[in-house]
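Asker: Sequence first, predicted model second:
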Amino acid sequence: MFHLTTQKRGRGFSLIELLIVVAVIMILAAISVPRLLNTISDINLRYAATNISGLLQSARMQSVRKNTFYTLLPTTLSTGGTGYYVHFQSGTYAVGDPLLPLGTRITAYTGTGSGAPNEASFTSGTSSNGLSFAPNAGSDNPSFNARGLPCIGVPATGACPFVPGLGFVMFLSKSSALGNVSWASVAITPSGHIQIWTSDSSGNWVQRD
């Protein structure tokens, strides 16, 4: 009897047991892979928002250093994608300008009207989970004057006057491989500080920086 039992144990797994193991693995993969893809998409979006924030900070420092205004501007890259660069007084891109290519599947919106979740509440300036100021509602590109304050530049005159209470907001969206859309925002307060926000699955905005 002992000999027969030992032989049965040495034969390995049965076909039913293997099918059960494969089924369990497939179920776990079906649960974990979508979450993993969404997490990777969120990380890429936050990385892009952080880079936009750094580019805006570069524009702010340049404006103070050069005693004039600098603007963050979009451009179409040779690859067909979108990038952002910093230039003196809203001029066209020149070699050497700080340039940031946006990652794949990332779309940027300047101003309001992006379609981001709970955007109206987030940008009202009165929400406890949103901006403490109402940003410029137009699509003007964010600029900084010689004092490092946000302004709307006028290239024809070289002026970029500070408007009390003026701030800017940019929205970034990224679709994952499964079609889910993540949202982030980069805001410039009237005092020139730069904030990064992200939206959770419920549409609530959380400040990251």
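Answerer: Cool, the structure landed. If you're wondering where the values come from, they're calculated on a predicted model, not measured in any experiment.

Asker: ok, for Asn67, nearest residue in space, not its chain neighbours?
Answerer: Excluding its sequence neighbours, the residue lying closest to Asn67 (Cβ to Cβ, 6 or more residues apart in numbering) is Ala146, at 4.6 Å. The C-beta positions use only the backbone N, C-alpha and C, and glycine is treated the same way.

Asker: give me phi/psi at the one you found?
Answerer: Recorded main-chain torsions at Ala146 are phi -60, psi -10, according to degrees, to the nearest 10.

Asker: now Met26
Answerer: Dihedral angles (degrees, to the nearest 10) for Met26: phi -70, psi -40.

Asker: That one: neighbour count?
Answerer: 10 (other Cβ atoms under 10 Å).

Asker: mind listing what it touches?
Answerer: Applying Cβ atoms under 8 Å, 6 or more residues apart in numbering to Met26 gives no contacts.

Asker: how near is it to Ile20?
Answerer: 11 Å (Cβ to Cβ, to the nearest Å).

Asker: burial measure for Ile25, as a count.
Answerer: By other Cβ under 10 Å, neighbour count at Ile25 equals 10.

Asker: That one is in what secondary structure piece?
Answerer: Using DSSP states H and E, Ile25 sits in helix 15-66.

Asker: Report the contact partners of the nearest residue to Thr82 once chain neighbours are set aside.
Answerer: Leaving aside its chain neighbours, Thr82 sits nearest to Leu102 (5.1 Å; criterion: Cβ to Cβ, 6+ apart). Going by Cβ under 8 Å, 6+ apart, Leu102 touches Ala48, Gly81, Thr82, Gly83, Tyr84, Ala108, Leu172.

Asker: now, which of those lie within strands?
Answerer: Among the contacts of Leu102, the ones falling in strands (DSSP state E) are Thr82, Gly83, Tyr84, Ala108, Leu172.

Asker: For those, give me a markdown table that also has neighbour count.
Answerer: What follows is those, written out as a markdown table (neighbours: other Cβ atoms under 10 Å):
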| residue | neighbour count |
| --- | --- |
| Thr82 | 15 |
| Gly83 | 18 |
| Tyr84 | 24 |
| Ala108 | 19 |
| Leu172 | 24 |
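
Asker: So of those residues, which two are at opposite extremes in space?
Answerer: Across the ones in strands among the contacts of Leu102, no pair lies farther apart than Gly83 and Leu172, at 13.3 Å, counting by Cβ to Cβ.

Asker: Show me where the protein dips below the pLDDT cut-off.
Answerer: For the chain, the stretches with pLDDT under 70 are 1-13, 29-34, 37, 177.

Asker: Apply 90 and report the result again.
Answerer: The chain contains residues with pLDDT under 90 at 1-44, 75-82, 87-99, 102-106, 125-129, 136-141, 152-164, 174-181, 200-203, 208-209.

Asker: Name the nearest of the contacts of Leu102 relative to Phe133.
Answerer: Leu172 (19.5 Å).
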